[in-house]
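1. Okay, sequence plus prediction incoming.
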Amino acid sequence: MSPLIRMRLAGFLRGGRILPPAIAVLIVLGVIYGGGASPASVAYGYSAAALFPVLAWQSKLLLDTEPDGQRRLARVAVGARTEAVAGLLAAAALALIVCVLAMGAPWLFHGIDTKEPVLSGTLLGVLAHLLAVPPAIAVGALASRAVTRGARNGVAVLVTAAVLVVVLGLQGSFAPWLVPPVMATARALNDVTIPPVTTLALLTGWAAAWCAAVFTAYAFLRRSRS
Amino acid sequence: MRFDGVWFRYARRADWTLRAVDAAVEPGQTIVVLGRNGAGKSTLLQLAAGVLRPQRGAVRERPPVVGWVPERFPADQPFTAGDYLHRMAALRGHDPGQADEWIERLLLTGHTGTRLSDLSKGTAQKVGLAQALIARPGLLILDEPWEGLDAVARTLIPEIVAEVTATGGMVLVSDHRGEIAQLPGAIHWSVADATVAAAPAPPAPARDEVVIEIAVARAAADEAVVRLRAQGHAVLGVRDVTGPRPDARYHPGATNARNAAAGSWNSEGEQ
C-alpha cells in the first residue's frame, strides 16, 4: 500500500496542487496568531477548528489529483479496498504534517502565552488536532470526484459540510451530533483550566462514532464508484 | 473466468448497458470483443478487469493478477514515463527495475525521461501497455490496443498475447480496426443490444504463402512495415538482428515460390 500512498503524495506535491491549501493554512494561522499571544490550549483549540475546512479541502484536492483513469488502474493493480484506503492514508499523512507545522508556527511568532500552562495546553492542542483530522478527511473523501463524479457536486458537498460543522456546532445547536465535535472541542479548550477527562472522552467517542459512520458511507459508495 | 448473469448500467435511471451476460473464458483463450461504437465493449472489458462492479450478477474466478490497458492512457500526471512505470511496478509489489524489461521491449528507452503529459499518443499508449504487463498478468485486458501505436509496436501485440495465453493466461481484446486477423485462434464475442453473443470467426484467408525474411535499417523499420502491409502482405514479426548478415541466395530456377523462399537465406548452398 505504501508505494500507492507515496505515488499519490508525489503527484499532489509535484503537480503544485498543494499550493492553494498551503496558502489557506498560512492565512488561517496569520488570523489566529496575528493578534498577540494566547494560552496554548485556547490557541490550539481555535487552530484545530479553523484548519478543519482547509484540511477537508486539501484532502479532496489530494484525492482528486489523480486522473480517473489512473485511479482505476490503481484499483486493478492493488484491489478496490486497498486503493480506497491508500487515498485516505495519503490524505491523513499530509494533514498530520500540516497540523505539526501549524502547531509549531506560533512558537516562531510568539503566539503562545508562556505564562499559562504550556505542556498541558499543547497536549490538549494535539488532541484537538487529532480530533479534527479524521472528520476533515472523511468530509474531503465524501466530496472527492470518485464519489460525487463532478466538480460542482464535490464543491457543494465540501461547502455544505464545512458550513454545517460551524452552524450545527454552535452552542445550543438543535442537532450537534450530526456534525463532528470540532466546535465543541474548541469551546472545551477555551479556558486555561484543563477540561474534565469525561468531557475529553466524550469528545473523542463522538468524533470516532461520527467518523465511523461517514467512512462506512464512503466505503459503501466507493464499492460501485470507481 | 465467468460472467455470471451480469447486468450493468451507469446510472440508476439509465438504460442497461449490458443485460444478463453469461459467458466464460477458459485459460489460454484469447477473446476478441467486437461491436459498434457505444455497444458496451469497453464496459464489458472494465467489468472483466474489476474496474466496474455489476449491479446484478458477478464476475467469478477472475485471476489474481489482472493487467488492464485502457482505451486512453491517463497521461495527465506529473511523472516521467520511467518514474511512472517504476512506481507502477512497486505498486504491484515488484522491484521497480522489473519495469525495465518492458521499457526496452516496447522501445520506450528513449522516452523514460519524458513527462507523461509530453508523450505522443502512441508512446503514452505504450506506457499503458507496459504498466499492464509488468506483473505478468493471468488476465490481460486490452481496450483497442492498436489505437495510436506505430507499426513496430503493433506487431508486438500478437506476440504479447501469445506469450500470455501460452502460460495459461487469458486475454480479452476489443477491436474495431480489423486488426484481429493478427490474433489467430481467437474466439469472437459480439456486443450488441446490451447482450453478448459468440460471433462466428471471420473466414481465414486461403493460405498459399511463403515467409521471406528481410533485414531493414532500424530507422526505416516503421515505414517498411507500413508499406508491406499496404501492399497486402502480413508482417509476422519484427526482431533485432545481431552479427553479420548472411548472403541471401534467390533460386530463379525454382519451380514455385515455396522452394524459392526455403532457400532465400541459404548462405552455404551454391558455390
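-> Here it is on my side, so go on. Because the structure is a prediction, the values reported are computed rather than measured.
2. hey, let's count contacts and neighbours off CA atoms from now on
-> Noted.
3. Leaving out chain neighbours, which residue sits closest to residue A:109?
-> Sequence neighbours aside, residue A:33 is the residue nearest to residue A:109 in space, at 7.7 Å (criterion: Cα to Cα, 6 or more residues apart in numbering or on different chains).
4. make that residue A:168, sorry
-> Nearest to residue A:168 is residue A:176, by Cα to Cα, 6+ apart, at 5.2 Å.
5. Let me see the contact set for the one you found.
-> Each residue near residue A:176 by Cα atoms under 8 Å, 6 or more residues apart in numbering or on different chains is listed here: A:168-170.
6. neighbour-wise, which of those leads?
-> residue A:169 (23 neighbours; other Cα atoms under 10 Å in any protein chain shown).
7. and that one, what pLDDT?
-> Per-residue pLDDT puts residue A:169 at 90.
8. Check the gap between residue B:191 and residue A:104 for me.
-> 60 Å (Cα to Cα, to the nearest Å).
9. Between these two, point out the one with more neighbours.
-> The residue with more neighbours, out of residue B:191 and residue A:104, is residue B:191; 22 against 12, by other Cα under 10 Å.
10. Let me see the backbone angles for that one.
-> phi -100, psi 120 (degrees, to the nearest 10).
11. Tell me if I'm right that it and residue B:34 touch.
-> Yes: at 6.2 Å, residue B:191 counts as touching residue B:34 under the criterion of Cα atoms under 8 Å.
12. Show me the helices in chain A, by range?
-> A:2-14, A:19-33, A:40-65, A:68-78, A:80-108, A:119-142, A:145-148, A:151-167, A:182-188, A:197-224 (DSSP state H).
13. closest one to residue B:171 among the ones you listed?
-> Nearest of the helices of chain A to residue B:171, taken as Cα to Cα: helix A:68-78 at 15.2 Å.
14. and that closest one, does that touch chain B?
-> Yes: counting by Cα under 8 Å from any Cα of the partner chain, chain B has neighbours in helix A:68-78: A:68-70, A:72-78.
15. Just send these back as a markdown table, with distance to residue A:126 and neighbour count too.
-> Shown next, in a markdown table, are those (distance: Cα to Cα, whole Å; neighbours: other Cα atoms under 10 Å in any protein chain shown):
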| residue | distance to residue A:126 | neighbour count |
| --- | --- | --- |
| A:68 | 35 | 15 |
| A:69 | 38 | 18 |
| A:70 | 35 | 17 |
| A:72 | 36 | 25 |
| A:73 | 37 | 26 |
| A:74 | 33 | 20 |
| A:75 | 34 | 19 |
| A:76 | 37 | 22 |
| A:77 | 36 | 26 |
| A:78 | 33 | 19 |
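16. Looking at these, which is nearest residue A:14?
-> Distances from residue A:14 to these, taken by Cα to Cα, are shortest for residue A:70, at 16.1 Å.
17. tell me the contacts of the closest one?
-> residue B:74.
18. And the pLDDT at it?
-> Value for residue A:70, per-residue pLDDT: 96.
19. What of residue B:180?
-> The model's pLDDT for residue B:180 equals 62.
20. what number of residues lie near the closest residue to residue A:87 other than its chain neighbours?
-> If you skip the residues right next to it in sequence, residue A:87 has residue A:63 as its closest partner in space, 6.2 Å away by Cα to Cα, 6+ apart. Using other Cα under 10 Å, residue A:63 is surrounded by 27 other residues.
21. what residues does stretch B:161-175 touch?
-> B:25-34, B:41-42, B:45, B:136-145, B:183.
22. from the residues you listed, which would you call buried?
-> When those are checked for burial by 16 or more other Cα atoms under 10 Å in any protein chain shown, the buried set is B:25, B:27-34, B:41-42, B:45, B:137-145, B:183.
23. Inside helices: which ones of these?
-> Short answer: the buried ones among the contacts of stretch B:161-175 in helices (DSSP H) are B:41-42, B:45.
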